[in-house]
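K.L.:
Below is the sequence, then the predicted model.
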Amino acid sequence: MFILMVVIFVLGYTAIALEHPLRIDKAAPALLIGVLTWVVYMLGSHDILNMVNSSGEYVSSAWGEFVGNNPAKNNHEGMVEFISHHELLHHLGEISEILFFLLGAMTIVEIVDQHQGFKVITDKIKTTDKVKLLWILSFLTFFMSAALDNLTTTIVLVALLRKLISDKKTRWFFASMVILAANAGGAWSPIGDVTTIMLWIGGQVTAANIITFVFLPSLVTMIVPLVIVSFTLKGNVERPVLDNSNNDLTSKRQQIFILILGVSSLLFVPVFKTFTHLPPYLGMLFGLGNLWVVTEVLHRWYVVKKKLAGELVGTKTNNFSVETKDKLVVTKILSKVDVPTVLFFLGILLAVASMQSAGQLGLMAKFLDDKLGDIYLINLAIGVLSSIVDNVPLVAGAMGMYDIAGPEATGYAANFVVDGVFWEFLAYCAGTGGSILIIGSAAGVAAMGMEKIDFIWYLKNISLLAFIGYLAGAGVYYLQTMILHG
């Protein structure tokens, strides 16, 4: 049963990769493996939870801790309680945070889009030269993802790309480069990626150091692929014929106002977390609720104004009328949010959570430690693995494997002090390694869902570029460490 869980995950992963040839939406196999891995886990609970490693410890460290605190529950009923009421609910809580964050961000972006807010930005980007446009969007993504986070930034930029590029394959390429830039930008900021947030909150790194020592490697990770494609990318992009049906519903002033309010709602999330110490998804939902109320009031005001103008002046205004206002109501906009992407996230994260709970990921982390034994090789391997398996449980596993060393630590142990080389390099590798495959990061999954990017196409056209950039940034970090620490 322990092995069967891995087999199910691999088969489901293959079905996701072959989404287009199979003509089955990736959300379907993701949901299946998300449920089936937990079913197998429950049915084989007796064998799986009683597995011990060479040290005599339970392979499922969570079960070992549970039994240690509740010795009387080391039986079938206790195993059922552990899996269904302890582990599943625990992981579902963590997954829900991501899903609600994603839903909130996607809805805010859709509201701004439907109100023609992004038109304010796209009108400022005049160039159609592919190379210039790619560099502009990549740097915009890189710094936005540090201020927001890589997931939110990717959602915003993919929405922008739809206004700038009409050709599907060209838009796929630009969206893929946005993924690289978003993950690179998120790696050097304490609030830019889930893994850096984990390390920051866990006390392994401080905000100042992660910015100081990971910024340059992250920048190189983005620039190297950009330089490579700049030699091969030719021509101009073709702008799409935009749907202007909502143009008469919003004025220029309203577009700017909704854009500023929407972006401010996104930027408010890290501020909300800092001051309230509550999870980021609550800040995102607060921003959505605020934007929702403001747009409802704004719509009602302009309908009244329209009526008054018609009654008193008898002329048509440029604002929206009673008949067409429904297009911009949030309840209508919600129908445009990409639900399959959210379900895909749910399935994948459920499957990964089951293997984290059962112990497969813990065994993999221990294997890396035993076989590699070098902090640089371990982190490089974790980065590559994060393109296959979600980087959150991998980083969580690494944080559980190694304790934070005291400031007096010397030799090999000195790598594990606060702001030690191991933790900084882990933040870089886990943050940027996910770009190697499109389903290796939250940003990649979001872009894949929004633009229906083919897994195989990404593998052929982007993966090598991402891997080269990943190694280049790692090399820069290594040289930087050698220069500063000898």
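P.N.:
Looks like it arrived, so ask away.
K.L.:
Where does pLDDT dip in the stretch 301-450 of the chain?
P.N.:
For the stretch 301-450 of the chain, the stretches with pLDDT under 70 are 301-326, 390, 392-394, 396-397, 400-401, 403.
K.L.:
residue ranges of the helices in it, please?
P.N.:
330-333, 339-358, 360-372, 375-385, 391-401, 421-432, 442-451 (DSSP state H, counting those that start in this stretch).
K.L.:
Buried residues in the longest one, which are they?
P.N.:
Pointing back at helix 339-358 there. Neighbour-count burial for helix 339-358, counted by 16 or more other C-beta atoms under 10 Å, picks out 341-358. Bear in mind the C-beta positions are built from the backbone N, C-alpha and C, glycine included.
K.L.:
So which of the helices of the stretch 301-450 of the chain has the densest surroundings on average?
P.N.:
With neighbours defined as mean count of other C-beta atoms under 10 Å, the helices of the stretch 301-450 of the chain peak in mean count at helix 421-432, which reaches a mean of 28.
K.L.:
For that one, name the packing helices and strands.
P.N.:
Helix 421-432 is packed against helix 168-187, helix 194-202, helix 207-230, helix 375-385, helix 391-401, helix 463-485, with contacts defined by 3 or more C-beta pairs under 8 Å, 6 or more residues apart in numbering; DSSP states H and E.
K.L.:
quick one, which of the helices of the stretch 301-450 of the chain is nearest to Pro29?
P.N.:
helix 339-358 (7.6 Å; C-beta to C-beta).
K.L.:
Can you get me a residue count around Ser189?
P.N.:
Residues lying near Ser189 (other C-beta atoms under 10 Å) number 27.
K.L.:
typo on my end, it should be Leu267
P.N.:
So Leu267, with other C-beta under 10 Å, has 15 neighbours.
K.L.:
Asn236 too?
P.N.:
For Asn236, the tally of surrounding residues (other C-beta under 10 Å) stands at 12.
K.L.:
That one: what's it in contact with?
P.N.:
Applying C-beta atoms under 8 Å, 6 or more residues apart in numbering to Asn236 gives the contacts 128-130.
K.L.:
Make CSV out of the residues you listed and add neighbour count, secondary structure and distance to Ala28.
P.N.:
Converted to CSV, those look like this (neighbours: other C-beta atoms under 10 Å; DSSP: H, G, I helix; E, B strand; the rest coil; distance: C-beta to C-beta, whole Å):
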residue, neighbour count, secondary structure, distance to Ala28
Thr128, 14, coil, 38
Asp129, 14, strand, 40
Lys130, 19, helix, 35
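K.L.:
so which of those residues comes closest to Tyr41?
P.N.:
Nearest to Tyr41 among the contacts of Asn236, counting by C-beta to C-beta, is Lys130 at 47.8 Å.
K.L.:
Verify the contact between the closest one and Leu233 for me.
P.N.:
Yes. Checked against C-beta atoms under 8 Å, the pair Lys130 and Leu233 is within contact range at 4.9 Å.
K.L.:
closest to Leu291 out of the helices and strands packed on helix 421-432?
P.N.:
Shortest distance between Leu291 and the helices and strands packed on helix 421-432, using C-beta to C-beta, is found for helix 168-187: 22.4 Å.
K.L.:
Could you check the angle that closest one makes with helix 442-451?
P.N.:
Helix 168-187 runs at 160 degrees relative to helix 442-451, counting by axes from the mean of the first three to the mean of the last three C-alpha atoms, to 10 degrees.
K.L.:
Flag every buried residue along helix 168-187.
P.N.:
For helix 168-187, the neighbour count (16+ other C-beta under 10 Å) marks 170-187 as buried.
K.L.:
Same question for stretch 405-422.
P.N.:
The neighbour-count criterion (16+ other C-beta under 10 Å) identifies 405, 414-417, 420-422 as the buried residues of stretch 405-422.
K.L.:
Pull the residues that contact it.
P.N.:
Stretch 405-422 is contacted by residues 203-206, 209-210, 213, 375, 378-379, 402-404, 423, 481, 485 when judged by C-beta under 8 Å, 6+ apart.
K.L.:
now these: which count as buried?
P.N.:
In those, burial by neighbour count holds for 204-205, 209-210, 213, 375, 378-379, 402, 423, 481, counting by 16+ other C-beta under 10 Å.
K.L.:
now the stretch 101-250 of the chain, which segments are flagged as low pLDDT?
P.N.:
If you take pLDDT under 70 as the line, the stretch 101-250 of the chain has these spans: 201-202, 242-249.
K.L.:
How about Met448, nearest residue that isn't a chain neighbour?
P.N.:
The spatial neighbour of Met448 that comes closest, neighbours along the chain excluded (C-beta to C-beta, 6 or more residues apart in numbering), is Ile438 at 5.1 Å.
K.L.:
Could you check how far the one you found is from Met222?
P.N.:
17 Å (C-beta to C-beta, to the nearest Å).
K.L.:
out of these two, which sits in the busier spot?
P.N.:
Taking neighbours as other C-beta under 10 Å, Ile438 and Met222 compare with Ile438 leading, 29 against 25.
K.L.:
Now do the same contact list for that one.
P.N.:
Applying C-beta under 8 Å, 6+ apart to Ile438 gives the contacts 176, 179, 444-445, 447-448, 453, 455, 458-459, 462.
K.L.:
how about the nearest residue to Thr221, chain neighbours excluded?
P.N.:
Closest residue to Thr221 apart from its sequence neighbours, by C-beta to C-beta, 6+ apart: Gly473 at 3.5 Å.
K.L.:
any idea how far Phe275 is from the residue nearest to Met448?
P.N.:
Distance of Ile438 to Phe275, computed by C-beta to C-beta: 35 Å.
K.L.:
Over to Glu451?
P.N.:
For Glu451, the distance to Phe275 equals 35 Å [C-beta to C-beta].
K.L.:
quick one, phi/psi of Met106?
P.N.:
phi -60, psi -40 (degrees, to the nearest 10).
K.L.:
Next, count neighbours for it.
P.N.:
Neighbour count for Met106, taken as other C-beta under 10 Å: 26.
K.L.:
quick one: contacts of the helix or strand that contains Leu134?
P.N.:
Element membership for Leu134 (DSSP states H and E) is helix 130-147. With C-beta under 8 Å, 6+ apart as the test, helix 130-147 has contacts from 125, 127, 152-154, 156-157, 160-161, 164, 170, 174, 177-178, 180-186, 188-189, 191-192, 218-219, 222, 226, 229-230, 233-237, 267, 270, 443.
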